[in-house]
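Colleague: Pasted the sequence and its predicted model underneath.
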Amino acid sequence: MGIVMYGEPQLKNPDMICSWPGIGNIGLIAVETLRGQLKAKELGQIEPWEYFDPHKVHIQNGVLQDLWFPRSRFFYHEREEKDLLFFTGEEQPGGREKMYAYGEKAYQMAESVVEVAKKHGCRRIYTSGACVSMTHHQVKPRVVAVASSVQLVKELKRYPNLVTMSELGEAGGEGVITGMNGLMLAVAKKKGLEAVCLMGEIPDWLARVPFPYTKASKSILEAYGSIFGVETRPGILDRQSKEVDRIIESFYEKFPEEVKEIYDQRKTEAKPVPISEMEAEWMKENLDEFLKSITDEQEKGDEDDDRPV
């Protein structure tokens, strides 16, 4: 049990890009899109038995085949100068009752990923996730960069649409990165590697919706394209976000005028006025009801599709 590798490619000064599920699956979608577009080859996996419980069983032709566990896999892509390693996890370790990793299992997985990175000569690890901020859903999400050194922050600020947490103008420039994406930064730095987290902005009131926020994934994908000199094709994310945008806009049109007026300041104000507790409570209550109505419509549509004709 542990780490299983399928080969030993001789990689040239690679960087590693990691991600796990999280808010809006922003980081994971960006990394998986980049990995797929580069046609990265599978390199190995971290065996799941020590980290996860099985989710379901696989049945074929009425015969039980095996148990299904979340996968935690490594991939690689060879380039002329700097190769790339990828690591993506289908679930954060620590227990299914929480979205984010915690405890000893999470730390052990982070150490395992860093072990593979160092074995292949990596000097820098990137993670990708979401940054909940006072932005507007009609504004292009920025990519919020956090790094393990001041010099690395200066390097990252050269790229378009990248900002630091202090530039958001919120919470005095302080914040936390929850789960594996944050833990990986700390473990990588402890093991002597440079570490970067790129987080796509998502409006605070959308942080708990049950659909992907691919608009922010596109911003992260573009950032990776700039950093690594890779031509990315974000069109697939544009197509995926159209339905999400439609849902968001339909709820936005229901905002009371006083809520909309304050919220729309986020389009232009460098330091927007926070939404009051009363307005936030209105959003919470009505968003829950709105999402339930969409789910009910989808379920009704599925039932109609199943009716005999």
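Modeller: On my side now, so go ahead. Predicted model, so just to flag it, every value in this text is computed and none were measured.
Colleague: how about the nearest residue to Phe74, chain neighbours excluded?
Modeller: Using Cβ to Cβ, 6 or more residues apart in numbering and skipping residues adjacent in sequence, the residue nearest Phe74 is Leu43, 4.2 Å away. Using the backbone N, CA and C atoms, a C-beta is placed for each residue, glycine as well.
Colleague: If you could redo that for Lys82, that was the one I meant.
Modeller: Excluding its sequence neighbours, the residue lying closest to Lys82 (Cβ to Cβ, 6+ apart) is Asn13, at 5.3 Å.
Colleague: Can you give me the distance of that neighbour to Ile262?
Modeller: Relative to Ile262, Asn13 is positioned 49 Å away (Cβ to Cβ, to the nearest Å).
Colleague: neighbour-wise, which of those two wins?
Modeller: For Asn13 versus Ile262, neighbours defined as other Cβ atoms under 10 Å are more numerous around Ile262 (16 against 12).
Colleague: show me what contacts Glu194?
Modeller: Counting by Cβ atoms under 8 Å, 6 or more residues apart in numbering, Glu194 touches 123-125, 147-149, 152, 188.
Colleague: just to revisit the earlier point, isn't the residue nearest to Phe74 up against Tyr6?
Modeller: Yes: under the criterion of Cβ atoms under 8 Å, Leu43 makes contact with Tyr6 at 6.2 Å.
Colleague: which of these two has more neighbours?
Modeller: More crowded of Leu43 and Tyr6, by other Cβ under 10 Å: Leu43, with 22 against 11.
Colleague: Now the more buried one: phi and psi?
Modeller: Backbone torsions for Leu43, taken as degrees, to the nearest 10, come to phi -110, psi -30.
Colleague: buried set for the helix or strand hosting Ile262?
Modeller: Using DSSP states H and E, Ile262 sits in helix 257-264. If you call a residue buried by 16 or more other Cβ atoms under 10 Å, then helix 257-264 has these buried ones: 259, 262-263.
Colleague: And it, what does it pack against?
Modeller: helix 277-306 (3 or more Cβ pairs under 8 Å, 6 or more residues apart in numbering; DSSP states H and E).
Colleague: Let's verify the residue nearest to Lys82: helix, strand, or coil?
Modeller: Three-state assignment for Asn13 (DSSP: H, G, I helix; E, B strand; the rest coil): coil.
Colleague: mind checking how far it is from Leu84?
Modeller: Using Cβ to Cβ, one gets 10 Å for the distance from Asn13 to Leu84.
Colleague: Same check on Val153?
Modeller: 22 Å.
Colleague: Please state the offset of the helix holding Ile262 from the chain centre?
Modeller: In terms of Cα atoms, centre = their mean, to the nearest Å, the centre of helix 257-264 is set 29 Å apart from its chain centre.
Colleague: Residues contacting that helix, please?
Modeller: Identification of contacts with helix 257-264 by Cβ under 8 Å, 6+ apart yields 136, 252, 255, 273, 275-276, 279, 282-283.
Colleague: So Thr88: helix, strand or coil?
Modeller: Going by three-state DSSP: Thr88 is strand.
Colleague: Point out where the stretch 51-200 of the chain drops to low pLDDT.
Modeller: Along the stretch 51-200 of the chain, the parts satisfying pLDDT under 70 run over 56-60, 63-65, 95-102, 169-175.
Colleague: Tell me where it has strands.
Modeller: Ranges of strands in the stretch 51-200 of the chain, per DSSP state E, counting those that start in this stretch, are 56-60, 63-68, 72-77, 84-89, 124-133, 143-147, 162-164, 194-203.
Colleague: Can you lay out the ones you listed as TSV showing distance to Ser19?
Modeller: Below are those laid out as TSV (distance: least, Cβ to Cβ, whole Å):
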stretch	distance to Ser19
strand 56-60	23
strand 63-68	21
strand 72-77	11
strand 84-89	6
strand 124-133	5
strand 143-147	14
strand 162-164	17
strand 194-203	10
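Colleague: For Lys242, find the nearest of these.
Modeller: With Cβ to Cβ as the measure, strand 194-203 is the member of the strands of the stretch 51-200 of the chain nearest Lys242 (17.2 Å).
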